[in-house]
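Undergrad: A predicted structure for the sequence below; I have some questions about it.
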Amino acid sequence: PQSLLQAYAKFSGAPLTVNTINNSWRALKVDVPVLLSEDIVISQPAKILNFLRKQKYNADYELSAKQGADTLAFIALLEEKLLSALLHTFWVDAENYCSVTKPWFASRMPFPLGLYLPGKMSRKALNRILLTRGAPPLYSLTEVEAQIYRDAKECLNLLSKRLGTSQFFFGDRPTTLDAFVFGFLAPIYKVSFPRVQLQKHLKHLSNLCRFCDDILTCYFRLTVSGHSPAGQDTADANLRKLTQLVNKESNLIEKMDDNLRKSPQHPPRKLTTLKLAAGGEQSSPLNRLSP
Amino acid sequence: AAEPWPENAALYQQLKEDQILLSDNASSLAVQAFLQMCNLPIRVVCRANAEYMSPSGKVPFIHVGNQVVSELGPIVQFVKAKGHSLSDGLDEVQKAEMKAYMELVNNMLLTAELYLQWCDDVTAEEITHPRYGSPYPWPLNRILSYQKQWEVRRKMKAIGWAGKTLEQVLEDVDQCCQALSQRLGTQPYFFNKQPTELDALVFGHLFTILTTQLITDELSEKVKNYSNLTAFCRRIEQQYFLGHDKDSSATVAARSAKRSLLR
């Protein structure tokens, strides 16, 4: 959800300051991410998007009614088919959870929340998967897993067909749907897990990869290393990269006031590329941006 | 193509008059519409324990030859394997759109129907509980309906709908209808000249919402706001359901006290 919101904010030019929630104690009660605007507190991505729209930061301004309807339909498709697999990859699959997700989240939270909160999110994810997809005749978790990954791959195929060769889903300006798709695909695409079946499938769909890369370069000011040795990146290096990504985004967004309504033709700034090391080497933290 | 469609194919659902609920009726009608559109004859059999007979626990299910398949998605696949399909003429992009819209209907309309039946206390108490447990003696009827309510509420909580108020749910229904109405536009079917499984699904849900009497009319009012949707329902009803002597759910208007005619 975080990447989704940031992407939308970028597309519509809203000046948004992202505060990584240091006070994670609030996360126990409140759903992250949360938008604070003057006195109003809004949680949940859909409501936040509505709020931004009402404040006239609307990326969908030029869409026709039918395209607006298509947006809603495809978002429903993403939530039904892809979300379960995403939750599973991040939170339920034991290897992924223990080696990537849990240390990453735990390191961003104050002690002792880091011991409790990831576990809670993991249980919540499993619960959701079982309740929505675990009905008979699928009786064991492995069968459910097989089914949700099948559905996720089908969903990715459908998205790829719908995108075709255009740059964004509705022509050459990004819209809400692009933000949603990016929000779902970017974690799969970029975070390197030990168990990567979904990522492998995604990489075969070259137009979706190109879509993610385009958004990352144009809107998040990162150059993508062209030949990352897939499967050889250490989990640490990628964790660091992702953490930096989040930090740099927050710096970047604070400077967004000068750059409202960026067009996709905005040339990306030259950046030093993060070289992803093979084997056990650590990657050096590089200067991604000059402030 | 595989074996031909047998004459005695049957569709099972709960008892039409007293037991079946809004959401199940919608699903059942969608499957019936789909089969009618494919020109495959089927007779509707009502059983009180249809839910338990179904392989997935959901109605409707069809019994064809020696196979039992439940729910619209698998039934469409099954029928396709037998050589009948409504969506073959669509290109890849249209197929993607069709699947997306079907998910939208399931995500929004079906969930809203379930919410209204089971999570809205007034409706649950006055309509759902009596209907759901009607074939069974006391105390079994209460136990079964509370069990089902608990299950549904758990699921709503997991997907985040438990915190919604009725107004918000009706808002979502309105948004969904608006999207469907905009997509349909002035065409006769969603993909112009030929009906597809999406048309069957939308018809099943909208027709049921329009013709079922609940505590208030708010839900059906939301659909009635969109005239092309009501025209769409009427058109499909006339084309595929009226003029058939077979026992079809769409023409029960005269029989049940809980329904009002589609005007």
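TA: Structure's in. What do you need?

Undergrad: CA atoms for contacts and neighbours, from now on please.
TA: OK.

Undergrad: could you say what helices and strands the lengthiest helix in chain A packs with?
TA: Secondary structure assigned by DSSP state H gives helix A:141-163 as the longest helix of chain A. For helix A:141-163, the packing partners by 3 or more CA pairs under 8 Å, 6 or more residues apart in numbering or on different chains; DSSP states H and E come out as helix A:83-87, helix A:113-133, helix A:197-204, helix A:206-219, helix B:92-104.

Undergrad: check contacts around whichever residue of chain A sits closest to chain B.
TA: Of all residues in chain A, A:Ala69 sits closest to chain B, at 4.2 Å by CA to the nearest CA. For A:Ala69, the contact set (CA atoms under 8 Å, 6 or more residues apart in numbering or on different chains) comprises B:178-180, B:182-183.

Undergrad: which residues of the stretch 101-250 of chain A score low on pLDDT?
TA: Residues of the stretch 101-250 of chain A meeting the criterion pLDDT under 70: A:108-114, A:134-139, A:219-250.

Undergrad: change it to 50
TA: Along the stretch 101-250 of chain A, segments meeting pLDDT under 50 span A:222-240, A:247, A:250.

Undergrad: Which helix or strand contains the residue of the stretch 101-250 of chain B at minimum distance from chain A?
TA: Distances between the stretch 101-250 of chain B and chain A by CA to the nearest CA are smallest at B:Ala179, namely 4.2 Å. Using DSSP states H and E, the element containing B:Ala179 is helix B:166-184.

Undergrad: And that helix, what's buried?
TA: B:169-170, B:173-184 (16 or more other CA atoms under 10 Å in any protein chain shown).

Undergrad: Please name whichever of the helices and strands packed on helix A:141-163 is nearest to B:Asn49.
TA: helix A:113-133 (22.5 Å; CA to CA).

Undergrad: Can you list the buried residues in that closest one?
TA: Buried residues in helix A:113-133 (16+ other CA under 10 Å): A:113-115, A:117-119, A:122, A:125-131, A:133.

Undergrad: could you give me the average pLDDT of stretch B:51-71?
TA: For stretch B:51-71, the mean per-residue pLDDT is 84.

Undergrad: In CSV, please show the C-alpha coordinates belonging to that stretch.
TA: Taking C-alpha atoms only, stretch B:51-71 is exported to CSV below (Å, rounded to 0.1, in the frame of the first residue of the first chain):
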residue,chain,number,x,y,z
GLU,B,51,-25.5,-26.3,0.2
TYR,B,52,-24.2,-29.5,1.9
MET,B,53,-24.5,-31.6,-1.3
SER,B,54,-22.3,-29.1,-3.2
PRO,B,55,-18.6,-30.1,-3.5
SER,B,56,-17.5,-26.6,-2.5
GLY,B,57,-20.2,-25.8,-0.1
LYS,B,58,-21.6,-23.2,-2.4
VAL,B,59,-24.7,-23.2,-4.5
PRO,B,60,-25.6,-23.6,-7.3
PHE,B,61,-24.1,-26.7,-8.5
ILE,B,62,-24.9,-28.7,-11.6
HIS,B,63,-25.0,-32.5,-12.1
VAL,B,64,-24.2,-33.4,-15.6
GLY,B,65,-23.7,-37.0,-16.5
ASN,B,66,-21.6,-38.3,-13.7
GLN,B,67,-19.9,-35.0,-12.8
VAL,B,68,-20.8,-32.4,-10.3
VAL,B,69,-19.5,-28.9,-10.7
SER,B,70,-20.3,-25.9,-8.5
GLU,B,71,-20.1,-22.1,-8.9
